[in-house]
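**Student:** Sequence and predicted model, in that order:
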Amino acid sequence: MADREQWISRRGFILATIGSAVGIGNIWRFSYVAGENGGAAFLLIYIFCVALIGLPLVIAELAMGRRGQGDAVAAFTIGGRGWPWVGWMCVGGAAIILSYYTVIAGWALKYFAGAATGSLWTAAGEGFGGYFRKFIANLGEPVAWQAVILGATMFVVAGGVARGIELFNRWVMPLLALLLVGLAVYALTLPNSMGGVRFLFAPDWAAFARPQVWAAAMGQAFFSLGVGMAIFVTYGSYMPREFSLPVSALAVVVGDTLFAIVAGLAIFPGVFAFGIDPASGPELAFITLPQVFLRMPGGIIAGIVFFFLLSAAALTSMVSLLEVPVSMAMHRLGMRRWPATAMFGVIIFIIGVPSAMSFGALSHIRFNGGGILDTIDAAVSNILLPLGGILIALFAGWRLGRAEVLKEADMEDGALGRVWLWLVRIVAPAAVLLILLRKLLGA
Ligand code: PHE
């Protein structure tokens, strides 16, 4: 299709793709999962998973998207049947992820507003745990913040690939990188900050023998890169032929990992400086950190910056998640961009309401002890994304012709292409399957 939208610049494309990968996962999720799983050992296993599974999958997704020149379903369409349903699963999966992701993004935005206006800090008197629990248990407030941040996402997506998504990321991503580095430098100047650095970089070797740490690291690699749900397929479909695919994929993977590590350097020194347990779970960013900020000199500013970062990073990921169904509606249902955006925005908002209410009015609904939002989050990172990853690897590795996929991945000649091909054919699916099965069987 001649009039298909495209990225204008390589830089803009890479920033948008890093923006998709970098999100709440790098800051909120990475810090608490690393905290619960032993810090440095987790980080090493995480990097191993990213290099051996994540990077090959990002390359596969981008190549499939550029080959299909359409939506997620088109990328899985190749004479004969049997595969397009995977594309539909990705479209549905992206919508489900966005529905609950928006809720957490809404909390971040509420905290940013609270930090900037001061109400977050005055709440210190009642204890931050109370502030957080009161807010998430409220009937209307989480839903209102969910609506606000989803509305902002729809605004960017409605602007189009180049003039909405690319332009937005070109401004926001460099700013986020700058603020995060600033926050880390500041955290490292705190007295006793070295405890946090050691936690992140000095491994406890015993943790390598624990299968849960491997499962957690793989789940985090999938979630943080955002691989397995055809996001890179969709962004790759707007990629001009001249952009080098492996270089772009490498930039995204390295960028995402650096963001997580620097976020760790911004968070753990403060946690350790005040003798707080790094394994405080999902509450780390919303309950523990504000307390840390309040006790740091100049911490209020740091807190405002931190919650701005969290909200903006969430927004750039939400944009990519929304683009998956929107691109489907445009390509497959012949809809124009803005009606497609409006339609899916509303649908996703409605699906997300039970998640937003899952700590208040709906907190009695529990599955295996977890609430609605926690259950969806666990199912997505532990099952849906790895499953999508296996199917993408198998499709790119075995179903697409060897010559075609290597050409589409810009690795026609040389050993690199061969290494990549065997990583997606065997190593990635086998490793993911192993960890997935262990998890499902409760090992
Ligand atoms: N990668 C994003 C993050 O780290 C979240 C995400 C998950 C985006 C899955 C797309 C798909 O926050």
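**Tutor:** Ah, there it is. Numbering: from 1, shown residues only.
**Student:** For the most centrally placed residue in the chain, give me its contacts.
**Tutor:** Of all residues in the chain, the one closest to the mean position by CA atoms, centre = their mean is Ser224, 4.1 Å from it. Listed by CB atoms under 8 Å, 6 or more residues apart in numbering, the contact partners of Ser224 are Ala21, Gly23, Gly25, Asn26, Arg29, Phe30, Asp256, Ala260. Yep, even glycine has a C-beta here, placed from its N, CA and C like the rest.
**Student:** excluding its backbone neighbours, what's nearest it?
**Tutor:** The shortest distance from Ser224 to any residue other than its chain neighbours is 4.3 Å, reached at Gly25 (CB to CB, 6 or more residues apart in numbering).
**Student:** correct me, but Leu98 touches Met318?
**Tutor:** Yes: under the criterion of CB atoms under 8 Å, Leu98 is in contact with Met318, at a separation of 6.1 Å.
**Student:** Could you measure from whichever residue of the stretch 201-350 of the chain sits closest to the ligand over to Ile347?
**Tutor:** The nearest approach of the stretch 201-350 of the chain to the ligand comes at Gly226, 2.9 Å away (CB to the nearest ligand atom). To Ile347, Gly226 is 20 Å away according to CB to CB, to the nearest Å.
**Student:** out of these two, which sits in the more crowded spot?
**Tutor:** More neighbours sit around Gly226 than around the other of Gly226 and Ile347, counting by other CB atoms under 10 Å; the figures are 26 against 14.
**Student:** The residue of the stretch 201-350 of the chain closest to the ligand is in contact with Val319, isn't it?
**Tutor:** No: counting by CB under 8 Å, no contact exists between Gly226 and Val319, whose distance comes to 11.5 Å.
**Student:** any shared contact partners between the two?
**Tutor:** With contacts defined as CB under 8 Å, 6+ apart, the residues adjacent to both Gly226 and Val319 are Ser20.
**Student:** rewinding a little: what about the contacts of Ser224, which are in strands?
**Tutor:** Applying DSSP state E to the contacts of Ser224, no entry is found in strands.
**Student:** Who are the contact partners of the residue nearest to Ser224?
**Tutor:** When contacts are counted by CB under 8 Å, 6+ apart, Gly25 is found next to Gln220, Phe223, Ser224, Gly226, Ser317.
**Student:** how many other residues sit next to the second one?
**Tutor:** Look at Phe223: counted by other CB under 10 Å, it has 25 neighbours.
**Student:** I'd like the mean pLDDT over the helix or strand where it lies, please.
**Tutor:** Using DSSP states H and E, Phe223 maps to helix 211-225. What helix 211-225 shows for mean pLDDT is 91.
**Student:** what helices or strands is whichever helix or strand comes after that helix leaning on?
**Tutor:** As assigned by DSSP H and E, the chain's next helix or strand after helix 211-225 is helix 231-236. For helix 231-236, the elements it packs on are helix 10-21, helix 55-68, helix 72-75, helix 299-332, judged by 3 or more CB pairs under 8 Å, 6 or more residues apart in numbering; DSSP states H and E.
**Student:** now do 6 Å
**Tutor:** Judged by 3 or more CB pairs under 6 Å, 6 or more residues apart in numbering; DSSP states H and E, the packing partners of helix 231-236 are helix 55-68, helix 299-332.
**Student:** Deepest-packed of those helices, please.
**Tutor:** Comparing these by mean neighbour count (mean count of other CB atoms under 10 Å), helix 55-68 comes out on top with a mean of 27.
**Student:** Return that one as CSV; C-alpha atoms alone will do.
**Tutor:** Output for helix 55-68, consisting of C-alpha atoms alone and laid out as CSV, is shown next (Å, rounded to 0.1, in the frame of the first residue of the first chain):
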residue,chain,number,x,y,z
LEU,A,55,17.0,-9.5,21.5
PRO,A,56,16.3,-12.3,19.0
LEU,A,57,12.6,-11.9,19.6
VAL,A,58,12.7,-8.1,19.0
ILE,A,59,14.5,-8.8,15.7
ALA,A,60,11.9,-11.4,14.8
GLU,A,61,9.0,-9.1,15.6
LEU,A,62,10.4,-6.1,13.7
ALA,A,63,11.2,-8.3,10.7
MET,A,64,7.7,-9.8,10.7
GLY,A,65,6.1,-6.4,10.9
ARG,A,66,8.1,-5.0,8.0
ARG,A,67,7.4,-8.1,5.9
GLY,A,68,3.7,-8.0,6.5
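**Student:** what's the angle between it and helix 299-332?
**Tutor:** Comparing the axes of helix 55-68 and helix 299-332 via axes from the mean of the first three to the mean of the last three CA atoms, to 10 degrees yields an angle of 40 degrees.
**Student:** ok, residues contacting helix 55-68?
**Tutor:** Residues outside helix 55-68 that contact it (CB atoms under 6 Å, 6 or more residues apart in numbering): 74-75, 227, 232-233, 236-237, 239, 245, 249, 253, 389, 392, 396, 408-409, 420, 423-424, 428.
**Student:** what helix or strand is the residue nearest to Glu141 when sequence neighbours are not counted on?
**Tutor:** Residue nearest to Glu141 in three dimensions, not counting chain neighbours: Phe135, with 6.1 Å by CB to CB, 6+ apart. Secondary structure here is read from DSSP H and E; on that basis Phe135 sits in helix 128-137.
**Student:** which parts of the stretch 301-443 of the chain sit against the ligand?
**Tutor:** Residues of the stretch 301-443 of the chain that fall close to the ligand, judged by CB under 6 Å from any ligand atom: Ser317, Leu321.
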